[in-house]
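>>> predicted model and sequence below, questions to follow.
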Amino acid sequence: MPKELNPDWTRYEDTIEQFIQVIAKNMNLYGVTPSIGRLYGVLYFSDEPMTLDDMREALEMSKTSMSTGVRALSEMKMVEPSFKKGVRKDLYKSEEDWYKSFTSLFGSKWRHHTETNIEEADEAIQELVQIQERTSDQTLKDRIDQDVERLRYAQNYYRWLMKFIHVVESGEIFRYVPKIDQNEEEK
């Protein structure tokens, strides 16, 4: 019986498609659009590296969208170029080590925002100190003292978060929370 008419194959494809939808939906947690998440899912379940045309056909999206998606996934280290003898078009395959992808993606997203928050807190403190030096309003001066303390607390939190980001990015996190081996059952 041809694959297309076999109900087991249909059920298999539906099951894989359902999981790809889950991947697409959850990629939003990392600031990735569902369409790029679907692209990753299709590449992940592909047995062979794919060209942009292969991806376009599988997802029924434009080649430009596929190119943009591949570029975004490449920057996140979730997709990498591949080579196959005799194929002249660019080929891509997914990074199959999700632990590696997570540490890279988490690190890059969180590092940028955390560094920005530290800088913003610095600027707010500087501005508040200048206001405090100019004003003769004691109530305002007291309020500024309280808010500068709150901002310093926030900065300490962000500095701690930078240390955590380093632990994740460096892979040191796996000393504390080991990867689960494919053959190992979660306890």
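Yes, it's here. Owing to the predicted nature of the structure, the values given are computational and were not obtained by experimental measurement. Numbering: from 1, shown residues only.
>>> in the chain, which spans are helices?
Remark: helices assigned in the chain by DSSP state H are 7-26, 34-45, 52-59, 63-75, 98-134, 138-170, 173-176.
>>> now the ones you listed in a markdown table, with mean pLDDT and distance to residue 88?
No exception for glycine: its C-beta is placed from N, CA and C like everyone else's. Shown next, in a markdown table, are the helices of the chain (pLDDT from 0 to 100; distance: least, Cβ to Cβ, whole Å):
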| stretch | mean pLDDT | distance to residue 88 |
| --- | --- | --- |
| helix 7-26 | 91 | 28 |
| helix 34-45 | 93 | 20 |
| helix 52-59 | 91 | 12 |
| helix 63-75 | 89 | 16 |
| helix 98-134 | 91 | 28 |
| helix 138-170 | 96 | 36 |
| helix 173-176 | 94 | 39 |
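>>> please identify the deepest-packed of these.
Counting by mean count of other Cβ atoms under 10 Å, helix 34-45 has the highest mean neighbour count of these, with a mean of 21.
>>> quick one: contacts of that one?
Defining contact as Cβ atoms under 8 Å, 6 or more residues apart in numbering, one finds that helix 34-45 is touched by 16, 19-21, 23-28, 32, 50, 55, 58-59, 61, 65-66, 69-70, 72-73, 78-79, 92-94, 96.
>>> can you do 7 Å?
Contact with helix 34-45 is made by 16, 20, 23-25, 27-28, 50, 55, 58-59, 61, 65-66, 69, 72-73, 78-79, 92-94, 96, as judged by Cβ atoms under 7 Å, 6 or more residues apart in numbering.
>>> gap between it and the chain center?
Chain-centre distance of helix 34-45: 13 Å, with Cα atoms, centre = their mean, to the nearest Å.
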